[in-house]
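Novice: predicted model and sequence follow; I will ask about them next.
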Amino acid sequence: MLWSASSRLSTPAQQGLDTTPGICKSRSMRHAAAQLLTNCVTLLWAAELDVNFNTKVLEGFVHVHIEAVSDGPKELVLDTRDLTLHGVTLQSTGEKLKYKLGEKHKALGSPLHIELPSGFSTGSKLNLGIRFSCSPQSTALQYLDPEQTAGGKHPYLFTQCQAIHARSLVPCQDTPAVKSSYSAAVRVPADLTALMSAVPKDGPPSIQPDTTLDFDSSSTESEPITAPEGVPHLPPPPSGSDTKLCYFLQKVPIPSYLIALAVGELESRQLSDRSCVWSEPSVVDAAAYEFADTAKYLEAGEALAGPYVWGRYDLLLLPPSFPYGGMENPCLTFVTPTLLAGDRSLTNVVAHEIAHSWTGNLVTNASWEHFWLNEGWTMFLERKIVGKLQGDAALQFYAAQGAQSLADEVSRIGPDHNFTRLVPDLSAGEDPDDAFSRVPYEKGFYFLYYLQNLVGGPSAFEPFMRSYLDTFAFKTVTSEQFKEHFLNHFKDNKAVSTIDWETWYHAPGMPPVKNDYDTSLATAAYDLAVKWHTADVMGIGAPPPKGVSPDDIKGWGSEQIVAFLEKLNELRSMTPMAASMCREMNKLYKLDEAKNCEIRCSWYKLCIGACDEAVNPGVVDMLSSQGRMKYLRPLYRALYKSKSKDDKQLALDTFHKVSNKYHPIAKKMVAVDLQLSKQ
């Protein structure tokens, strides 16, 4: 049996949730999440996992340690999706407990109802054991064949649990409202390495069952518990197979969406005394070069947000099918290989994921309606980190670019759409993946930047930021709690009485107040975009603007080139450029030859709109060689909506040819974009 340290949970009332029996006002938190308000909560859990690449079935046994929050709860409900259950036992006696799976919901899966023994009263604790198997179709898991990896010799596995995919990896209360510590023993092929969102251990972890959150303290209240060797509750490996065990401990309480596992042929390179980068051997040195400044970002984050409590900050460069730029898994950030630009120009993603160590991982949104409290705050802290390292002009530049990104996203989704609210309504049981967009990131940042200016600037706001992080550390938080804490902190500041909280939180569309940013770093890029735009306003073709030359972008960083292209995309949103103008631009700026993924995506969008088929081979290559949704979705949408029927067919043909390489989340969302399925 593998044990883990106990968690510190805020109560339902502290989370700002309705505790009336049978009621959960945040109805997107269905199944186990709704039940936790009046029944039981998970204090801690420990897993035994066996990875079988031949069957693509992950065998598991999880020890779930629960506490009753009401008298006489008759059942525990856990979230599951596409899991096979083999049995549930009461660990103290070995008694087999009755259980059943409820009706399956398309997004939420099937609730697992476990009958609890009588006499279970408020404050009582039970240890349950659940034996299960993960389906090869689990949305949390992606198995890669050797030919899909950089090395081409070994298979690979990685997980992605955000937002509600942990339930397809392990039975759990799959809601950010519950934060628990965990430990794990993972059996893998001997020539592969396992990593998790936890600190690796040489053997079964020895921990305190009643540890406090003061992780530097040497005081103890009880004898440490040492987990036994191996995975005793799982079947033995096939005869003749060569396997090894990897052990992990995450003593800081985390929500289920931050559970992460990766298995592959992996090597590491040290970046600092508390950071390294992992990847496949053929790309690990390139990754080490690209992410060499990680320690600087981490130190800047600590200066702004307080001590880093997670111990290790490692990075794992994943294969190309990873659907996001990065995922803030504690102790082990997952990053996309699309960041390997060769010039460290795209590593602001690392600043973002490091910022999550405080905003999201340490202080967590209580439900997915309040996602802006994770991502809006993280954009704010990320840009603070960048400003500290690169100067305020860089912060302002990225803020201005973010505002444009927000406007584009609101226009795409629709200014009256629920998903453009800062706090959307997910009460109908929507899949949070369907609501995913730039809105919580950029509208959240926009709101926090507005509040900062309103109360007197950074010197007034940054102490509030530290107070907020200290107050809600290791807890979950709602938008109402944020508002209450803000108003209490600034109770003597008369300006806060002018905040229209209702409109900011619940009105769809663009923010009600306009922020002003210093766009000096973007001015030259914007001016060049206007020059090309006005040369062919009607979109029928024209000579290049007077005076343009390759020197226009000489010395520019990739961010300024992207700003130029995105501004031109904005200006041409109603009337696309002529294809001949795109060719003239390419003659001067060699944009077809760009290797930077941000530049390629912005350039391809402009050219697709112009029906410039010269870029189509590059577009297909980009759609085939990586699976990051930031690039997949806009490129597929551009092709599908192009005035060229050939482009629409190209989108469909390409998707049908390569979509099995994509992560299930990316495949699902692109299918929606191509109207092959409904949300």
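Specialist: Perfect, I can see it now. Numbering: from 1, shown residues only.
Novice: please make it C-alpha for all contacts and neighbour counts, starting now.
Specialist: Will do.
Novice: helix or strand right after the host helix or strand of residue 633?
Specialist: Here residue 633 sits within helix 629-641, counting by DSSP states H and E. Using DSSP H and E, the next helix or strand after helix 629-641 towards the C-terminus is helix 645-658.
Novice: now that following helix: mean pLDDT?
Specialist: The average pLDDT for helix 645-658 rounds to 96.
Novice: that one vs helix 629-641, what angle?
Specialist: Calculated by axes from the mean of the first three to the mean of the last three C-alpha atoms, to 10 degrees, helix 645-658 forms an angle of 140 degrees with helix 629-641.
Novice: so which other helices or strands are in contact with helix 645-658?
Specialist: Applying 3 or more C-alpha pairs under 8 Å, 6 or more residues apart in numbering; DSSP states H and E, we find helix 645-658 packed against helix 616-625, helix 629-641.
Novice: residues contacting the longest one, please?
Specialist: Residues outside helix 629-641 that contact it (C-alpha atoms under 8 Å, 6 or more residues apart in numbering) are 323-325, 601, 604-605, 608-609, 619, 623, 647-652, 666, 669-670, 673-674.
Novice: let's see it at 7 Å
Specialist: Here helix 629-641 makes contact (C-alpha atoms under 7 Å, 6 or more residues apart in numbering) with 323-324, 601, 605, 608-609, 623, 647-648, 651, 666, 670, 673-674.
Novice: do the same with the shortest one
Specialist: Applying C-alpha under 7 Å, 6+ apart, the contact partners of helix 616-625 are 320, 604, 632, 654, 658.
Novice: could you give the angle of that helix to helix 629-641?
Specialist: Angle, helix 616-625 to helix 629-641, by the same axes, to 10 degrees: 130 degrees.
Novice: what about the stretch 51-200 of the chain, any weak spots by pLDDT?
Specialist: For the stretch 51-200 of the chain, no stretch is flagged by pLDDT under 70.
Novice: in the helix holding residue 633, what counts as buried?
Specialist: Buried residues in helix 629-641, counted by 16 or more other C-alpha atoms under 10 Å: 629-641.
Novice: ok, stretch 47-58 next?
Specialist: Neighbour-count burial for stretch 47-58 [16+ other C-alpha under 10 Å]: 47-51, 53, 56-58.
Novice: dump these to CSV, plus secondary structure and distance to residue 356.
Specialist: Shown next, in CSV, are the buried residues of stretch 47-58 (DSSP: H, G, I helix; E, B strand; the rest coil; distance: C-alpha to C-alpha, whole Å):
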residue, secondary structure, distance to residue 356
47, strand, 25
48, strand, 28
49, strand, 27
50, strand, 30
51, strand, 29
53, coil, 32
56, coil, 31
57, strand, 31
58, strand, 29
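Novice: please identify which of those is nearest to residue 392.
Specialist: Taking C-alpha to C-alpha as the measure, residue 392 lies nearest residue 47 of the buried residues of stretch 47-58, at 45.4 Å.
Novice: how near is the closest one to residue 172?
Specialist: 11 Å (C-alpha to C-alpha, to the nearest Å).
Novice: which residues belonging to the helix or strand containing residue 288 are considered buried?
Specialist: Element membership of residue 288 [criterion: DSSP H and E] is helix 284-290. Neighbour counts over helix 284-290 (16+ other C-alpha under 10 Å) mark 284-285, 287-290 as buried.
Novice: which element follows the helix or strand containing residue 476 toward the C-terminus?
Specialist: Using DSSP H and E, the element containing residue 476 is strand 475-477. Toward the C-terminus, strand 475-477 is succeeded by helix 479-489 as the next helix or strand (DSSP H and E).
Novice: which element follows that next one toward the C-terminus?
Specialist: Per DSSP H and E, the first helix or strand lying C-terminal to helix 479-489 is helix 501-506.
Novice: give me the buried positions along that next one.
Specialist: For helix 501-506, the neighbour count (16+ other C-alpha under 10 Å) marks 504-505 as buried.
Novice: who are the packing partners of that helix?
Specialist: The contact analysis (3 or more C-alpha pairs under 7 Å, 6 or more residues apart in numbering; DSSP states H and E) places helix 501-506 against no helix or strand.
Novice: ok, residue 652 - how many residues close by?
Specialist: Other residues within reach of residue 652, judged by other C-alpha atoms under 10 Å, total 17.
Novice: residue 126 too?
Specialist: As a measure of burial, residue 126 has 17 neighbours, counting by other C-alpha under 10 Å.
Novice: same question for residue 512.
Specialist: 12.
Novice: returning to that earlier point: which among the buried residues of helix 284-290 gets closest to residue 89?
Specialist: Distances from residue 89 to the buried residues of helix 284-290, taken by C-alpha to C-alpha, are shortest for residue 284, at 43.5 Å.
Novice: take the helices and strands packed on helix 645-658 and write them to a markdown table, including mean pLDDT and distance to residue 108.
Specialist: Below are those laid out as a markdown table (pLDDT from 0 to 100; distance: least, C-alpha to C-alpha, whole Å):
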| stretch | mean pLDDT | distance to residue 108 |
| --- | --- | --- |
| helix 616-625 | 97 | 29 |
| helix 629-641 | 97 | 22 |
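Novice: nearest to residue 487, of the ones you listed?
Specialist: Residue 487 lies closest to helix 629-641 among the helices and strands packed on helix 645-658, at 35.9 Å (C-alpha to C-alpha).
Novice: sitting in helices, which of the contacts of helix 629-641 do you find?
Specialist: If you go by DSSP state H, these have 601, 605, 608-609, 623, 647-648, 651, 666, 670, 673 in helices.
Novice: just among these, which is most surrounded?
Specialist: When neighbours are taken as other C-alpha under 10 Å, the top entry among the ones in helices among the contacts of helix 629-641 is residue 608 (27 neighbours).
Novice: return the distance of it relative to residue 656.
Specialist: Distance, residue 608 to residue 656, using C-alpha to C-alpha: 20 Å.
Novice: then residue 409?
Specialist: In terms of C-alpha to C-alpha, residue 409 sits 26 Å off from residue 656.
Novice: following the lowest-mean-pLDDT helix or strand in the chain, which helix or strand comes up?
Specialist: Least confident helix or strand, the chain: strand 225-226 with a mean of 51, by mean pLDDT, DSSP states H and E. Counting by DSSP H and E, the element after strand 225-226 in chain order, helix or strand, is strand 243-254.
Novice: pLDDT below threshold where in the chain?
Specialist: 1-38, 206-228, 679.
Novice: and the residue positioned nearest the centre of the chain, its phi and psi?
Specialist: The centre of the chain sits closest to residue 327, judged by C-alpha atoms, centre = their mean, with a distance of 4.3 Å. Here is the backbone geometry of residue 327 (degrees, to the nearest 10): phi -140, psi 130.
Novice: where does the nearest residue to it once chain neighbours are set aside land in three-state SS?
Specialist: Spatial nearest neighbour of residue 327, excluding adjacent residues (C-alpha to C-alpha, 6 or more residues apart in numbering): residue 334 at 5.0 Å. Assigned with DSSP: H, G, I helix; E, B strand; the rest coil, residue 334 falls in the strand class.
Novice: how about residue 263?
Specialist: Looking at residue 263 with three-state DSSP, the answer is strand.
Novice: residue contacts, it?
Specialist: 156-158, 192-195.
Novice: in three-state terms, label the residue nearest to it when sequence neighbours are not counted for me.
Specialist: Once flanking residues are discounted, residue 263 sits nearest to residue 194: 4.4 Å by C-alpha to C-alpha, 6+ apart. Here residue 194 is strand, with the state taken from three-state DSSP.
Novice: touching, residue 194 and residue 245? I think so.
Specialist: No. Look at residue 194 against residue 245 with C-alpha atoms under 7 Å: they stay out of range, at 8.7 Å.
Novice: which one's more surrounded, these two?
Specialist: Under the neighbour definition other C-alpha under 10 Å, residue 194 and residue 245 were set side by side, and residue 194 has more, 25 against 20.
Novice: that older thread, how near is the residue nearest to the centre of the chain to residue 87?
Specialist: Going from residue 327 to residue 87 by C-alpha to C-alpha gives 33 Å.
Novice: fine by me, we can end here.
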